[in-house]
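Asks: Attaching a predicted model along with its sequence, questions to come.
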Amino acid sequence: MSFFFDIRNPKLNQEVAIKQRDEQIESLQNQIQALEQKIQAIENEKAQLVQEKITQVNDFVEAHERMQYDKLLLEEQQFINASLAKFTAVMRWQEEQTLRSWCNKLLDELIPFIKANQAVLYYFDKQQQLFFVAGSYAVATEKLSKKTFAIGEGWIGQAAESGEVIEIQENKSDYFSTRIADVQLKAKAFYAIPLLYNEQVYGVLEVLAINPLTEKLKRFLDTLRPSIASDLNALIKEKQLIKTFKNVQQSEERFRILSEVTLEGIAFVDNQMKITEANPAFLKMFGYESIEQALGIDARSLLKAERQDLDVLRLAPEQLRERQLQDFRGVRKNGSSFPIELQARKVQINEISLEIISFLDVSERKAAEQKLQKTQAELAESLKVVELLREIEQQNKRMTESIQYAKRIQESILPDIEDMRAAFNDFFLFYRPRDVVSGDFYWFVQKNKKVWIAAVDCTGHGVPGALMSILGHSILNRLVKEEGRESPADILNRLDASIIELFSHKRNTEKAPRRDGMDLALCMIDYETQKVNFAGAYRPLLHVSSGKLKKYEGTRMPIGIFRNKEKPSFEERSFSFENNDIIYMYSDGYPDQFGGEQGMKYMTKRFRSFLHQISALPLEEQSKKLAVELDNWQGNESQIDDIIVMAMRL
């Protein structure tokens, strides 16, 4: 809307100007209100998202650390399980094998696997109570200086006697050495590993390595050695069994020897797949209390095919020997099932033909695999959380950028510090916002020989306070620069009326009165008359002259709505000044800061005393001392409000 001025009607011109101003105020009010609501919503959303992010990050970090630890344990267990499966297959009995061929085959696979260089495997002969060489790797056994050991004799005998692994590293003796590519090398590690099963020693594994074995490989060997001992014992028993069969054909005692053969369950069956003998491990595995309960049972009835199209009971012995190890589950006497690996083989001893079936319970391995799958699923969920955190970070980044932009807007309206410094003999500004943007601001205008300067503390801090500061700065500029008002009291009265008018439309819509407004100290310095005119809204002015400090109180009411009461006019005080006098103006942020040994406020009285104490110093040094004093007082306490302190040497 546009208006035309009539030079013949001054009253009409005044009404038009007032209407224009009211419309401008209303437009500014609407813009500020919309901006305030938007920034407040952003601030609330940011606070909520940041809190959620902190909680999620803490939960994620804790879960991630726990998951990483579990993953390492699981990976090691998986490695051990996979390695055990590998060497279980390596150690399976083969037809027409001998004790030496079995040992050599095992060492050919095992020693490179654990990154060692030489090894000798000894077995224990109970009748002679001696350890004999059963197999070797990269060692010419015929050149060994000693091929037998008694219990307690040498490292081999000592390891067997103690049942503990003997490990020697960095040995300087010539006894421990190895040869690679015709080069004689000193072995840095020697291991004598007793092979125990059911607390009985059945052999000792001697290992030489240029580099010591890793802890993971040691734990693997510790897990594997009972199986080696069990199978070694089984081979010794088989060797004895063959010898017995040769001497005592079809003896009823020929299968009793198997009672302590191996950790695997072993059953002997006839050509009709009926069980004729079984070891204790088999009975325990399938839930039978005695061998009599198992005798005559069709071994195929103890199996459950993983595939529905496979009829186990129709499998012939030769077909069973060809089945894959993972095709079956074992069925206990009580009907429950469990995952197994099995191997069937045929043994011919003289005229006796035997089918031997070995069963291995792999429940723990399957459980580990399921745990790994669960961990992988949890990891996938964790990755989703990470993506969510990234999205929150992006939102937080956008909100932070918005607030940083608000900071740049606020900084753009603040006076130039160099212009302020040029208006006085000396000047300092101590300005420390609590948040990115501040509710405290400083204002400055200079016209000829007169200077107006103010320290303003708006309601709130952060974004709401910054919005109020922009509004206050705009109104102060209009009152002094455009309307030409000079009196500090008059300026405060007009500023007060403008703020009340802007927010008065909300008075009847809220239960409690709004406290939108500001406290400030404003003075006009006239260099021609050597006088200072001061008016304050709850904020004082300090004047230091000839070493003496005098306080000028402001009017005890704020700018803005005050207890829903009619307000009196602001009072103005005037005083003369001399060269080098100092004027201090400040907000309540510094005196109200908590700290000290008892966590109390700094207090106004202490603040005035400190200013008086340092008033003789150059203002730049005063500013530094104010910063040090505040930091020392605040300690670990959080800053509770925006802080502004200004000093002018006249």
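Replies: The structure has been received and is ready for your questions.

Asks: if I look at the nearest residue in space to Trp633 that is not next to it in sequence, how far off is Leu630?
Replies: Leaving aside its chain neighbours, Trp633 sits nearest to Gly595 (4.0 Å; criterion: C-beta to C-beta, 6 or more residues apart in numbering). (Glycine included, C-beta is placed from N, CA and C.) Remark: distance between Gly595 and Leu630 (C-beta to C-beta, to the nearest Å) = 8 Å.

Asks: Quickly list what's touching both of these two.
Replies: Here Gly595 and Leu630 share the contacting residues Tyr602, scored by C-beta atoms under 8 Å, 6 or more residues apart in numbering.

Asks: how deep is Ile643 tucked in, by neighbour count?
Replies: 24 (other C-beta atoms under 10 Å).

Asks: okay, now the closest residue to it other than its chain neighbours: neighbour count?
Replies: Excluding its sequence neighbours, the residue lying closest to Ile643 (C-beta to C-beta, 6+ apart) is Gly589, at 3.6 Å. Using other C-beta under 10 Å as the criterion, Gly589 is surrounded by 24 other residues.

Asks: Got phi/psi on Gly589?
Replies: phi -60, psi -40 (degrees, to the nearest 10).

Asks: wait, doesn't it sit right on Leu626?
Replies: No: applying C-beta atoms under 8 Å as the test, Gly589 and Leu626 come out as separate, 11.9 Å apart.

Asks: all helices of this protein, in order?
Replies: 10-90, 99-113, 154-162, 215-247, 280-286, 291-294, 317-322, 363-413, 417-422, 462-477, 488-503, 604-614, 619-634 (DSSP state H).

Asks: Would you mind telling me which of these is nearest Leu121?
Replies: Leu121 lies closest, by C-beta to C-beta, to one member of the helices of the chain: helix 99-113, at 4.7 Å.

Asks: relative orientation of that closest one and helix 10-90 in degrees?
Replies: Angle, helix 99-113 to helix 10-90, by axes from the mean of the first three to the mean of the last three C-alpha atoms, to 10 degrees: 160 degrees.

Asks: For helix 99-113, buried residues please.
Replies: The neighbour-count check on helix 99-113 (16 or more other C-beta atoms under 10 Å) flags 99-100, 102-104, 106-107, 110-111 as buried.

Asks: list the buried ones in stretch 596-611?
Replies: Neighbour-count burial for stretch 596-611 [16+ other C-beta under 10 Å]: 596, 601-602, 607-608, 610-611.

Asks: Tell me who's in contact with Ile403.
Replies: Counting by C-beta under 8 Å, 6+ apart, Ile403 has contacts 42, 46, 436-437, 463.

Asks: again, but for Phe132
Replies: 122-123, 125, 147-148.

Asks: what about the strands in the stretch 551-650 of the chain?
Replies: Counting by DSSP state E, counting those that start in this stretch, the segments of the stretch 551-650 of the chain that form strands are 559-560, 573-576, 582-586, 594-595, 600-601, 643-649.

Asks: Ile25: which of the ones you listed is closest?
Replies: strand 559-560 (14.8 Å).

Asks: Okay, now the sheet partners of that closest one, with direction.
Replies: Strand 559-560 sits in its sheet next to strand 517-526 (antiparallel), going by DSSP bridges.
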